[in-house]
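>>> 3D, please:
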Amino acid sequence: MKLRVSAVQYHLHTIHSFEEFVEQCEHYIKAALEFDTEFILFPEFFTTQLLSIKENGRTLTINDLPSFTEKYHQAFTTFAKKYNVHIIAGTHVVEVGGHLRNTAHLFYPDGKIGTQAKLHITPTEVHEWNMSKGEGLEIFETEKGKIAILTCYDIEFPEIVRMAKAKGADVIFCPSCTDDRHGFHRVRYTSHARAIENQVYVVLTGTIGALPTVDFMRANFGQAAIITPNDVPFPPKGLLAEGEINNDMLITADLDLELLYQVREKGSVTTWRDRRVDLYTDWE
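Model (predicted):
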């Protein structure tokens, strides 16, 4: 089975209305659909662009972002149904029990919405934005198999990706948001490591551009990548596609799930099969 995926390098800039945000998102979706894509990935925190909107001259803060949740749901539900496509609409900050939570959303073509809260929270998210951690890992059933969504910092923890693979996920979608080269390369390098360790695909993207009026979103360093295990059926560098750093664009590639099954059984290395469960905890 194959699935075609696209990852958006979303350009953050000041906007003046929710309608501008919707128009920009639809532009990327239409561009991806010109390549007959089936899954579209947006980055982490891309809805912070809404905080650049002035309301009666007032500058919005992260605490205002949940007020856009209903409109965000409506917009992406409409897109997914209208264009018959799965959309991993990055992450959006929602309010749960009086706490802010950085939550990824999967919008299905039939109108269903799946969510995965970020499980590992960075110091900035904790101390500056008072975010709370997600409570568990979700695996999403789709017509093209099982997927997981692990946001940015999550991909830096081997255990959670091992759990996702043990629960049947063949593709990990990783929306991210990094403000400098150090953060970007942490996420990029660990995405490659997780693909090798678990013999899965990782689809990664990040924000680019700047939001001058939004705290902690004034700098972004991003690049999309569609990452494979490093074995003979795949490109030598473990890359099906990658974007140009900090450019407004998207990338697209086909993921062949059968190749994953082949390398797990008889690849040059069989890292999933050869894990030493007698020495360390397994999650299967």
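>>> would you mind measuring the gap between the ends of stretch 111-122?
Between the opening and closing residues of stretch 111-122 we find a distance of 32 Å, counting by CA to CA, to the nearest Å.
>>> try stretch 104-118
Using CA to CA, the end-to-end distance of stretch 104-118 comes to 7 Å.
>>> in it, what counts as buried?
Using 16 or more other CB atoms under 10 Å as the test for burial, stretch 104-118 gives A104, H105, L106, F107, Y108, P109, G114, T115, Q116, A117, K118. C-betas here are computed from N, CA, C, even on glycine.
>>> go on, stretch 42-58?
Going by neighbour count (16+ other CB under 10 Å), the buried part of stretch 42-58 is F42, P43, E44, F45, F46, T47, T48, Q49, L50, L51, S52, I53.
>>> repeat that for stretch 213-223.
Across stretch 213-223, burial judged by 16+ other CB under 10 Å covers V214, M217, N220, F221, G222, Q223.
>>> I'd like the secondary structure assignment at the closest residue to A169 other than its chain neighbours, please.
With sequence-adjacent residues excluded and distances taken as CB to CB, 6 or more residues apart in numbering, A169 is closest to A148, at 4.0 Å. The three-state label for A148, taken from DSSP: H, G, I helix; E, B strand; the rest coil, comes out as strand.
>>> return the member of the buried residues of stretch 104-118 nearest to M163.
The shortest distance between M163 and any of the buried residues of stretch 104-118, using CB to CB, involves Q116 and amounts to 12.5 Å.
>>> follow-up on the earlier one: restricted to strands, list the buried residues of stretch 104-118.
The strands, defined by DSSP state E, take in A104, H105, L106, F107, G114, T115, Q116, A117 from the buried residues of stretch 104-118.
>>> distance check, the most centrally placed residue in the chain against E55.
Among the residues of the chain, the smallest C-alpha distance to the mean C-alpha position (CA atoms, centre = their mean) belongs to P175, namely 2.2 Å. Computed as CB to CB, to the nearest Å, the P175 to E55 distance reads 26 Å.
>>> picking that back up, could you pull up the residues touching the residue nearest to A169?
In this structure, A148 makes contact with Q116, L137, E138, I139, F140, V161, A164, K167, A169, V171, I172, F173, judged by CB atoms under 8 Å, 6 or more residues apart in numbering.
>>> for L12, grab phi and psi.
The phi/psi pair for L12 (degrees, to the nearest 10) reads phi -90, psi 130.
>>> mind checking how far the nearest residue to it once chain neighbours are set aside is from D278?
Beyond its immediate neighbours in the sequence, the residue positioned closest to L12 (CB to CB, 6+ apart) is G209, lying 3.9 Å away. Taking CB to CB as the measure, G209 and D278 are separated by 49 Å.
>>> so which of those two has more stuff around it?
Each of G209 and D278 had its neighbours counted (other CB atoms under 10 Å), and the higher figure belongs to G209 (18 against 6).
>>> am I right that R273 is in contact with R264?
Yes. Counting by CB atoms under 8 Å, a contact exists between R273 and R264, whose distance comes to 6.3 Å.
>>> and these two? Which one has more around it.
When R273 and R264 are compared on other CB under 10 Å, the one with more neighbours turns out to be R264, at 19 against 11.
>>> let me know the secondary structure of that one.
The assignment at R264 comes out as helix when based on three-state DSSP.
>>> what sits against P235?
Taking CB under 8 Å, 6+ apart as the contact definition, P235 lies against T228.
>>> secondary structure class for it?
Assigned with three-state DSSP, P235 falls in the coil class.
>>> torsion angles phi and psi at it?
The main-chain torsion angles of P235 are listed as degrees, to the nearest 10 and equal phi -60, psi 150.
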